[in-house]
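Visitor: Quick one: sequence and predicted model below, then my questions.
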Amino acid sequence: MRKVKNPEDLTIDELRQLLVEKRRKVRMEHLARFRNTGRALTLASDLENPPDENFHSDFQPEQDFTDHLQPRPKRTKLVLDRLLLFIEILAVLGLFFVIYNGIQILRDLNSQFAQSLTPATLTPTPLIIPVILPSGHTPPTSPGGAQPNEAEIPAHLLPLYQSLAQIPIPTPGPEQAIQIQIPSINVDAPVVQGDGWEQLKKGVGQQVGTANPGLAGNMVMSAHNDVFGEIFRNLDQLEKGDQIIVYTPQHAYTYFITNVQIVEPTDVEVMSATPDATVTLISCYPYLVDNQRIVVQASLQSGNK
């Protein structure tokens, strides 16, 4: 009789053989049951090639299960790592760009600040010098009547004269003259801004850009002597020391006459700026001839300064 060994006394190969036989026995029992119930067919190959007694299965469940649980390389993790590395590189490059850009901006600001502290070389603006004294016109007794007299303007200066006539008249301000009085010759007339043909129809015209009443500089005024009210008809009767009173909306300024002279229409020097507050009155001369100018100059009374 074959001696039965205890499982502890069996070798690994013997245990494996027992396991194979046990599986084969269970398999044959299942097949026999299936054949008996008609759920399995008996093939000739099964009869001709019975299972090998020495057959052993290569099935290793523990090993297969272990392999199934073995962690595999994850492509997704590798892609994420590379993506994070790329983002970090971009962040570092962006930081360097911000720092560099900030340094450039700081340099530009410092340069602009230094330039602002350095006084620039100023280019003097050329002064617009009138080419002829204002109020010129043909006598009212001439064939064409009184009208602007461009014949007394030098031909080469006519384009400049015409361009100056296009300068717009500014809106009067609160410190500009609105009235003039000359008590010794009974003059009491409104003052308007501008000394063109249309402005002198309304009264005494102050040349645009000249000094305001009471301020340092030369305030130039003109009016006609034989048309539009003949406001300056009697300027030639004035003498040194006579008063000229100029009014603004808030003040009255008194000037004392210092000089009366007859000049040519092109003697524009009488309109030059002065360091002190002065007023210059200009009109055509002689009466009904109008081929020269009469110029009256006066200085501000000291108490009005």
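Guide: Sure, I can see it.
Visitor: Go ahead and confirm F232 touches D226.
Guide: No - with contact defined as CB atoms under 8 Å, F232 does not reach D226; the gap is 9.5 Å. C-beta: built from backbone N, CA, C; applies to glycine.
Visitor: Comparing those two, which shows the higher neighbour count?
Guide: Per other CB atoms under 10 Å, whichever of F232 and D226 has more neighbours is F232, with 28 against 21.
Visitor: ok, residues contacting stretch 231-245?
Guide: By CB atoms under 8 Å, 6 or more residues apart in numbering, the residues outside stretch 231-245 that reach it are 135, 180-185, 187, 189, 203-204, 222-226, 252-260, 279, 281, 283, 285, 287, 294, 296, 298.
Visitor: now that stretch: mean pLDDT?
Guide: Mean pLDDT, stretch 231-245: 97.
Visitor: Please identify the buried residues of it?
Guide: 231-236, 238, 242, 244-245 (16 or more other CB atoms under 10 Å).
Visitor: so how far is Y287 from the closest residue to P249 other than its chain neighbours?
Guide: Excluding its sequence neighbours, the residue lying closest to P249 (CB to CB, 6 or more residues apart in numbering) is P174, at 5.4 Å. P174 sits 36 Å away from Y287, taking CB to CB, to the nearest Å as the criterion.
Visitor: between these two, which one's more packed in?
Guide: Y287 (15 against 9).
Visitor: Look at that one and tell me its secondary structure.
Guide: With DSSP: H, G, I helix; E, B strand; the rest coil as the basis, Y287 sits in coil.
Visitor: wait, isn't it in contact with D226?
Guide: Yes - look at Y287 against D226 with CB under 8 Å: they come within range, at 5.6 Å.
Visitor: Next, count neighbours for V192.
Guide: V192: 22 neighbours (other CB under 10 Å).
Visitor: Check the secondary structure at it for me.
Guide: strand.
Visitor: bridging residues for it?
Guide: Per DSSP bridges, the residues bridged to V192 are G205.
Visitor: quick one, what contacts it?
Guide: V192 touches 172, 199, 202-206, counting by CB under 8 Å, 6+ apart.
Visitor: Taking these together, which two end up most distant?
Guide: P172 and V204 (13.2 Å; CB to CB).
Visitor: Of these two, which one has the most company?
Guide: Per other CB under 10 Å, whichever of P172 and V204 has more neighbours is V204, with 26 against 15.
Visitor: backbone phi and psi for the closest residue to that one other than its chain neighbours, please?
Guide: Nearest residue to V204, sequence neighbours excluded (CB to CB, 6+ apart): A223, at 4.5 Å. Dihedral angles of A223 (phi, psi; degrees, to the nearest 10) stand at phi -160, psi 170.
Visitor: Surely A223 touches L200?
Guide: Yes - between A223 and L200 there is a contact under CB under 8 Å: 6.2 Å.
Visitor: joint contacts of the two?
Guide: Shared contacts of A223 and L200, counting by CB under 8 Å, 6+ apart, come down to S135.
Visitor: quick one: which of these two has more around it?
Guide: A223 (28 against 24).
Visitor: contacting residues for that one?
Guide: So, once contact is read as CB under 8 Å, 6+ apart, A223 ends up touching 135, 189, 200, 203-205, 229, 231-232, 281, 283.
Visitor: Please consider this matter closed, and thank you.
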